[in-house]
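Asks: fold the following for me, if possible:
(one chain, ligands or ions: 2)
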Amino acid sequence: MTKSTCRDTFVIHKKKLQNDYYSLVLGPLRKINHCQPGHFIHLQVPHTDVMFRRAFSIASIFPEQNALEIIFKVVGRMTRQMSTLKTGDTVNILYPLGKSFTLPRKSETSIMVAGGVGFPPLMFLTEHMMKRGYDPKTIHFFYGGRTSADILCRSRLKRTGVLFHPVTEDGSFGRQGLVTEPIEEFIKFRKKDKLRLYACGPEGMLKAANNLGLQYHIPGQLSLEAPMPCGIGVCLGCVVPLTAGGYARVCAEGPVFEVGEVVL
Ligand SMILES: Cc1cc2nc3c(=O)[nH]c(=O)nc-3n(C[C@H](O)[C@H](O)[C@H](O)COP(=O)(O)OP(=O)(O)OC[C@H]3O[C@@H](n4cnc5c(N)ncnc54)[C@H](O)[C@@H]3O)c2cc1C
Ligand code: FES
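Replies: Numbering: from 1, shown residues only. Ligands and ions are numbered 1, 2, ... in the order given. Reported below is the predicted structural model:
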């Protein structure tokens, strides 16, 4: 397990993406190469009235700047405060936290299943694989949102050369429907033992992705979200039931779990 660090750092760059989504680049940070796809940070802004830190997946690292990126959506008090941060402002982060994704074999076809704010860790995983010489045509990136504005960083994804499959519920971008529908069609015509599934997104989408993995015997991993008061395995505020019995802490044993490991 990677040792985590708690430290003050700065907003190096802030960008408003679409709708209520923002990108923040934070640094300088030591040991940035220890951050792997699937890891998350636990963030606090100074002088806030929000008691607990909040968790955000690492969306990218920039080793030459000793910096990392998070992408977030404004949904409540903390994310609203984060959206007002400016370049040079200080934040405090605990990083890297949690268990990272396991990379697929190069001979396997990866199916990325991203929904809403589940997109950042899968984008990091994709870019990480590209840097390690994976063939981009072995990655099918299925990205679902309610509407066109929920599908972020399209040109960045396209630049990686992966096969991009956008899906929106209202049909305003890409195919219309739920993201898991085209995935099932895709899976049906493939050799199942050459596939690997990676999913992160809303609960319903994770459940559907988990079921597809189980139904078609496709191994893979899901990155879960849960309320995380401490983020370091102490408070038990983030536990989820395991199919084998007992519970696991999403912040410590997760957030990445194997398909079929957790009761969803
Ligand atoms: C491991 C992990 C990784 C995460 N990675 C990211 C990430 O990369 N980007 C990101 O934007 N968020 C991510 N989240 C979710 C993020 O932690 C929450 O959005 C954040 O805690 C909300 O804080 P808040 O104070 O703004 O909202 P709160 O006041 O805590 O919540 C406001 C309202 O929004 C709802 N809400 C909370 N979270 C979400 C959500 N994710 N989507 C929709 N509604 C929500 C709550 O139920 C509540 O009704 C991650 C969570 C975990 C556990
Ligand atoms: S958030 Fe405290 S144990 Fe996971």
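
Asks: OK, contacts around the closest residue to residue 244 other than its chain neighbours?
Replies: The spatial neighbour of residue 244 that comes closest, neighbours along the chain excluded (C-beta to C-beta, 6 or more residues apart in numbering), is residue 261 at 7.7 Å. Where you see a C-beta, it was placed from the backbone N, CA and C, and this is true even at glycine. Residues near residue 261 by C-beta atoms under 8 Å, 6 or more residues apart in numbering: 242, 243, 244, 248.

Asks: pull out the buried residues from those residues.
Replies: Buried residues within those, counting neighbours by 16 or more other C-beta atoms under 10 Å: residue 248.

Asks: residue 41: how many residues sit nearby?
Replies: Counted by other C-beta atoms under 10 Å, the residues lying close to residue 41 total 25.

Asks: that one: what's it in contact with?
Replies: 26, 55, 56, 58, 68, 70, 93, 94, 95, 96, 97.

Asks: and the fourth one, how far from ligand 2?
Replies: Applying C-beta to the nearest ligand atom, to the nearest Å, one obtains 17 Å for the distance of residue 58 from ligand 2.

Asks: per-residue pLDDT, that residue?
Replies: At residue 58, the model reports a pLDDT of 98.

Asks: and it, what does it touch?
Replies: Contact analysis of residue 58 by C-beta under 8 Å, 6+ apart lists 35, 37, 39-41, 68-70, 95-96, 120-121, 124.

Asks: return the subset of those lying in strands.
Replies: Judged by DSSP state E, strands contain the following of the contacts of residue 58: 40, 41, 68, 69, 70, 95, 96.

Asks: quick one: contacts for the last one?
Replies: Right, the one you point to is residue 96. Going by C-beta under 8 Å, 6+ apart, residue 96 touches 2, 4, 34, 35, 36, 39, 40, 41, 58.

Asks: now swap in the first one and tell me
Replies: Contacts were defined as C-beta under 8 Å, 6+ apart; by that measure residue 40 touches 55, 56, 57, 58, 95, 96, 97, 98, 121, 255.

Asks: neighbours around the last one, how many?
Replies: With neighbours defined by other C-beta under 10 Å, the count for residue 255 comes to 28.

Asks: now render the contacts of residue 41 as CSV, adding distance to residue 222.
Replies: Below are the contacts of residue 41 laid out as CSV (distance: C-beta to C-beta, whole Å):
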residue, distance to residue 222
26, 26
55, 16
56, 18
58, 17
68, 22
70, 20
93, 24
94, 23
95, 22
96, 19
97, 17
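
Asks: just the pLDDT at residue 156, thanks.
Replies: pLDDT recorded at residue 156 is 92.

Asks: now, which of the contacts of residue 58 sits nearest residue 135?
Replies: The shortest approach to residue 135 among these belongs to residue 37, at 17.6 Å (C-beta to C-beta).

Asks: for residue 103, see how far away that closest one is.
Replies: According to C-beta to C-beta, to the nearest Å, residue 37 stands 9 Å off from residue 103.

Asks: joint contacts of the two?
Replies: Listed as contacting both residue 37 and residue 103 by C-beta under 8 Å, 6+ apart are residue 128.

Asks: between those two, which is the more surrounded one?
Replies: For residue 37 versus residue 103, the count of surrounding residues by other C-beta under 10 Å is larger for residue 37: 26 against 17.

Asks: fine by me, we can end here.
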